[in-house]
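S.K.: Predicted model and sequence below, questions to follow.
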Amino acid sequence: MGKEFLTIYWREMIRFTRFKGQLFAALVQPALWLLLFGVAMSSNFDAASGAFSPLPGVVSIDYLTFMAAGVMAMTALFTCLFGGMGLLFDKNWGIMKEMLASPMRNHHIQIGVGLGGITKALIQVGLIMVFGLVLGVTFFSGFSAIETVMAVLGIFAFIAVFSAGFIFLSAGLAMRVESMESIQAMMTLLTLPLMFSSNALYSTSAFPGWLQAVSTVNPLTYLVNGIRYFALGDDFTAMGTHYEYTGGDIILSFIVLLAFTGLTFVFAWRAFKTAKVT
Amino acid sequence: MTDNIIEVENLEHSFGDLKAVDKVSFSVQEGEIFSFLGPNGAGKSTTINVLTTQLPCQKGTVRVCGFDVRTAPHSVKESIGIVFQDEVLDRDMTVKETLEFHGRIYSMPRAQRLEREKELLELVELEEKVDVRTKHLSGGMKRRLEIARGLMTRPRVLFLDEPTIGLDPQTRLRIWDYIKRVNEEGTTIFLTTHYMDEADLLSDRIEIMDHGKIIASGTSESLKNTLGKDMIYLETENDEKSAEISRRVSEVTEVKKTSKGLELILDADGSRVLPTIIRSIEDESIDILSVKMKKPSLDDVFVHYTGREIRTGSGENGMPKMRRH
């Protein structure tokens, strides 16, 4: 395999940093989400959480800290879900023709765009995490320096696999559809159920059975599990729910994400394999 | 070994029930400027798309630079350059980045790429625009950049699809100049155009395609000669009768009625035949309103073979739309 995918990646990063307004919005939007929604909801939930009797010996997590993990995950989701749209743009108004007419194998485009999506998501999530810590999110409390570094690496590994999954999904769709409108509609349709059937903003334990079933096939749930495990530890309570993760749970979550990414990889691979622009 | 750089034999291509290309055969010699003409929907774009491996070769054989497009599309892609009909640029990349991107996806070694970038920017006179984003370039500059890009890898054949469409006359002249210079350096040019002056001026050889078939081929000169030596346009009071009279003149090989009068094709020197024709018509007491004589142009050749002026808008005749936007 040649290294032309690095050229695609290089272009993705040029485009990421070139549009200052877009870059600014991409970074500020999740920060605002954390700031407004997080602070507003936590003032409500934390007032209510007096009703929950704390479990002796178990760390109790405030709502802002609880939902910060969810906001990080959602940031990665949005970035990557819309990350393939550039390809549709290239197809209709840009250089897709040039790329497909070149001797470069088509899947280099997929790999390059995938790496671009992962990088963008990691940068954004990293910044949100720092912003959250400034706001008073109590991640990594009681962790040693090495534990903290390991935890961050763990979070990034989860984010990377998850991001790849959604960027491939988005790229695969972009290569198959014709119009901007249809892909935008699809993305919007996907976003809400993904967000609200997950454990990003609240516990799923009180969900009715069917919604719980949905949440167990939602990749976002597994990403949030991973982030909380690494950031908050394996035993804590939040809003009256007791969370306990075993190493096995986390490995399983990671495997689920890998499987999801594997599926979307094939989905995108097939779209690129037969891609033609005439 | 032949010195044909492109060989097309019995190429056929269909879109569903529609046969866009029907048993087409032709060849292009190394080093020539070859023009591929035809009305919209004639099958030109389909043929080019097969030649450049953008479409699969359904039936027939196509060899480009010695490689079969069916078995070695990768090698074909490596040895050709393409300037697409519509603008294919990333509007937010700079001129330099555009060339760099191209060189890199064609796996050019860095040193060679930098050298070519410099050379080509000089050739198309865009040195001062290296750091300008392509959206800020004029139409002509964009075209020049695309030509430079197509030449980055020193392709043996450069495909130019309507290279001067929508450009002003000065810019067209400059682009023609680049095309000639590139050709003089040894690159074979495969040109499609709707501008007959362009084809006439540039090409060594021409093929005209219509309804999926090659209907005429040769040099611009030989094609014009097939139309005879001179053409006379007549407007008379009674075109019906004048046509009949003109047909009797032995040097007149063809008489056609057009919306503006008569078009006569002669196989002899018109300045000597014209008086005879005028006299014969006037002898029958028909007034002649206007007379014009000229050598056949490539436009005449085109219209003669395709039967009508260039059809506007692609997608006519139920052809699938090949142009985007």
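M.R.: Structure received.
S.K.: Residue A:243 in helix, strand or coil?
M.R.: strand (DSSP: H, G, I helix; E, B strand; the rest coil).
S.K.: Please work out how many residues are found near it.
M.R.: For residue A:243, the count of nearby residues is 21 (other Cβ atoms under 10 Å in any protein chain shown). C-beta here means a position set from N, CA and C on the backbone, and glycine is covered the same way.
S.K.: List phi and psi for residue 260.
M.R.: Using chain A. phi -60, psi -50 (degrees, to the nearest 10).
S.K.: Switch to chain B, please.
M.R.: Residue B:260 adopts backbone torsions of phi -110, psi 10, taken as degrees, to the nearest 10.
S.K.: Identify the residues contacting the helix or strand of chain A with the lowest mean pLDDT?
M.R.: The helix or strand of chain A with the lowest confidence, counting by mean pLDDT, DSSP states H and E, is helix A:39-48 at a mean of 75. Contact with helix A:39-48 is made by A:62, A:63, A:64, A:67, A:135, A:201, A:239, as judged by Cβ atoms under 8 Å, 6 or more residues apart in numbering or on different chains.
S.K.: Would you mark the buried spots in that helix?
M.R.: Within helix A:39-48, the residues that qualify as buried are A:41, A:42, A:45, counting by 16 or more other Cβ atoms under 10 Å in any protein chain shown.
S.K.: try stretch B:242-260
M.R.: Those buried within stretch B:242-260 under the rule 16+ other Cβ under 10 Å are B:242, B:243, B:245, B:246, B:249, B:251, B:252, B:255.
S.K.: any chance of the residues you listed in TSV, plus secondary structure and distance to chain A?
M.R.: As requested, the buried residues of stretch B:242-260 are exported to TSV (DSSP: H, G, I helix; E, B strand; the rest coil; distance: Cβ to the nearest Cβ, whole Å):
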residue	secondary structure	distance to chain A
B:242	helix	49
B:243	helix	45
B:245	helix	52
B:246	helix	47
B:249	coil	50
B:251	coil	48
B:252	strand	46
B:255	strand	42
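S.K.: so which of these comes closest to residue A:257?
M.R.: Minimum distance to residue A:257 across the buried residues of stretch B:242-260 is 79.0 Å, recorded for residue B:255 (Cβ to Cβ).
S.K.: Low-confidence ranges, chain A, go.
M.R.: Scanning chain A for pLDDT under 70 picks out the ranges A:1, A:46-54, A:278.
S.K.: For it, which residues are neighbours of chain B?
M.R.: Counting by Cβ under 8 Å from any Cβ of the partner chain, chain A comes close to chain B at A:2, A:4, A:6-8, A:10-11, A:14-15, A:18-19, A:90, A:92-95, A:97-104, A:108, A:276-278.
S.K.: ok, of the residues you listed, which come out buried?
M.R.: Neighbour-count burial (16+ other Cβ under 10 Å) applied to the residues of chain A next to chain B gives A:4, A:7-8, A:10-11, A:14-15, A:90, A:93-95, A:97-104, A:108, A:277.
S.K.: what's the longest helix in the chain?
M.R.: Defaulting to chain A. helix A:145-176 (DSSP state H).
S.K.: nope, chain B please
M.R.: Secondary structure of chain B per DSSP H: the longest helix is helix B:169-184.
S.K.: counting contacts, what elements does the helix or strand immediately after that helix in the chain pack onto?
M.R.: Sequence-wise, the next helix or strand downstream of helix B:169-184 (DSSP states H and E) is strand B:188-192. Using 3 or more Cβ pairs under 8 Å, 6 or more residues apart in numbering or on different chains; DSSP states H and E, the elements in contact with strand B:188-192 are strand B:4-15, strand B:18-29, strand B:33-37, helix B:44-51, strand B:157-161, helix B:169-184, helix B:196-202.
S.K.: now the angle from strand B:188-192 to helix B:169-184?
M.R.: If you take axes from the mean of the first three to the mean of the last three Cα atoms, to 10 degrees, strand B:188-192 sits at 140 degrees to helix B:169-184.
S.K.: before we move on, back to that, so how far is the least confident helix or strand of chain A from its chain's centroid?
M.R.: 25 Å (Cα atoms, centre = their mean, to the nearest Å).
S.K.: Kindly reformat the buried residues of helix A:39-48 as CSV containing distance to residue B:91.
M.R.: Below are these laid out as CSV (distance: Cβ to Cβ, whole Å):
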residue, distance to residue B:91
A:41, 41
A:42, 44
A:45, 47
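S.K.: Identify the residues contacting the nearest residue to residue B:238 once chain neighbours are set aside.
M.R.: Distance criterion Cβ to Cβ, 6 or more residues apart in numbering or on different chains; nearest residue to residue B:238, sequence neighbours excluded, is residue B:286 at 4.9 Å. The contact partners of residue B:286, by Cβ under 8 Å, 6+ apart, come to B:236, B:237, B:238, B:241, B:242, B:245.
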